[in-house]
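1. what follows is a predicted protein model with its sequence.
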Amino acid sequence: MATKFYTSKVLPIGLEVFGLNLNQPLEQAVIQQIKKDVTKHRLVVFRNQGKVSGSKHVEISKYFGEIDNTTFYKHPASPCVDIFCVSNDPEKGCTGVGMSGWHIDGTFRSCPYAYSIYHMLEVPKQGGDTMFIPLTEIISKLSPETRSKWERLSMVSDRRGHIVHPLIYKHPKTGKPTLCMHLGMTTAFVYDFDRSKDIKDFEPTGPEETAAILKEIETAITDHALVYSHKWMKEGDFIISDNLAVGHQAGPIPPSVADAGLRVLHRVTVMGTVPPCKDYDFIPPDCENCSY
């Protein structure tokens, strides 16, 4: 595939781009093409970028909206307040990030982040992949019974006042069904949640049922082999992801920096503007003349 601005190759999830230097000033037409490709492909991987400065990383991220820098620890190694610095070395960044289960970023916010934008500065010699999953396809492969159940569920975040979000809702930009979930930061689920009422009016699932639902979601992901494991390249990959359309988690890495090699990742998150909500009446997919 090719545009007049760069060449590309379709990935199992997303698009791999070559021939564009993000360190150089970008014309407005190039920016619009990038935004179009992110909406269409959900994940765009720019190869061979070398070192992208913190200021350039933030500049690119602002093409997609307002930066949200209020919810993460400002590590001393971070080049600026807008960048969340992640590493397997505590002196180089925050450790153990993204390893608690499949998730989208910002489920503890009333509006989860719209985009997550990553740049790998140091690539380990072993492990350290980032794994991505397409949320719409996961929903499409559910059995009618499971789909109907999930449509009734809302997740309760274990952070910041127990924010509640529907498990399945329509993506605010594409209108496609997507998931709001964090398998490592969900304290419970509620059935048939109504935002016009207080959360105290609803009975949350108990620990056993909550664990069973989380396992059910994880199984739906792994059973259908929908995982794309991204291997970061030495040349400096830069990834723009539609955080509301693609889930992710950090892959395994040897615990010793000496064994694994140094890993340093910079992430910028773009503020969400639309809270996940049920604005439709779900028709079970096994119904007569169903449409959703």
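-> Arrived safely, thanks for sending. The model shown is predicted, which means the values in this text are computed figures rather than measured ones.

2. got the buried residues for the longest helix that the chain contains?
-> Using DSSP state H, we find that the single longest helix of the chain is helix 207-223. Within helix 207-223, the residues that count as buried by 16 or more other Cβ atoms under 10 Å are T210, I213, L214, I217, A220, I221. Backbone N, C-alpha and C define where each C-beta goes, glycine included.

3. ditto for stretch 192-212
-> For stretch 192-212, by 16+ other Cβ under 10 Å, it's F193, I199, F202, P204, T205, T210.

4. can you check the pLDDT for the fifth one?
-> Turning to T205, the model gives it a pLDDT of 97.

5. swap in the one 10 residues further on?
-> Among the per-residue scores, K215 holds a pLDDT of 97.

6. which parts of the stretch 1-150 of the chain are strands?
-> 7-10, 15-18, 43-46, 84-87, 115-122, 130-134 (DSSP state E, counting those that start in this stretch).

7. which one, of these, ends up nearest to G101?
-> In terms of Cβ to Cβ, the element of those nearest to G101 is strand 130-134, at 11.2 Å.

8. low-confidence ranges in the stretch 51-200 of the chain?
-> For the stretch 51-200 of the chain, applying pLDDT under 70 flags no range at all.

9. tabulate the buried residues of helix 207-223 (a markdown table), appending distance to G161.
-> Shown next, in a markdown table, are the buried residues of helix 207-223 (distance: Cβ to Cβ, whole Å):
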| residue | distance to G161 |
| --- | --- |
| T210 | 18 |
| I213 | 21 |
| L214 | 21 |
| I217 | 23 |
| A220 | 28 |
| I221 | 28 |
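
10. three-state assignment of L265?
-> strand (DSSP: H, G, I helix; E, B strand; the rest coil).

11. scratch that, P252 is what I was asking about
-> Per three-state DSSP, P252 ends up coil.

12. OK, contacts around the nearest residue to it once chain neighbours are set aside?
-> Nearest residue to P252 in three dimensions, chain neighbours excluded: G127, at 5.3 Å (Cβ to Cβ, 6 or more residues apart in numbering). Listed by Cβ atoms under 8 Å, 6 or more residues apart in numbering, the contact set of G127 reads G251, P252, I253, P254, A260.

13. tell me how many other residues crowd the closest residue to the first one other than its chain neighbours.
-> Meaning G251. Closest residue to G251 apart from its sequence neighbours, by Cβ to Cβ, 6+ apart: D129 at 3.7 Å. For D129, the neighbour count with other Cβ atoms under 10 Å is 16.

14. could you do P76 as well?
-> If we define neighbours as other Cβ under 10 Å, then P76 has 9 of them.

15. quick revisit: now the residue nearest to P252: how far from P90?
-> Remark: distance between G127 and P90 (Cβ to Cβ, to the nearest Å) = 17 Å.

16. what ranges does the stretch 1-150 of the chain have for its helices?
-> 28-41, 54-61, 135-140, 144-152 (DSSP state H, counting those that start in this stretch).

17. export those to JSON lines and tack on distance to R267?
-> Output for these, formatted as JSON lines (distance: least, Cβ to Cβ, whole Å):
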{"stretch": "helix 28-41", "distance to R267": "16"}
{"stretch": "helix 54-61", "distance to R267": "9"}
{"stretch": "helix 135-140", "distance to R267": "19"}
{"stretch": "helix 144-152", "distance to R267": "28"}
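
18. those helices: which one's closest to M185?
-> Of all these, helix 135-140 comes closest under Cβ to Cβ, at 16.6 Å.

19. buried sites along that closest one?
-> Result for helix 135-140 [16+ other Cβ under 10 Å]: buried residues L135, T136, I138, I139.

20. repeat for stretch 272-288
-> Applying 16+ other Cβ under 10 Å to stretch 272-288 flags G272, P275, P276, K278, P285 as buried.
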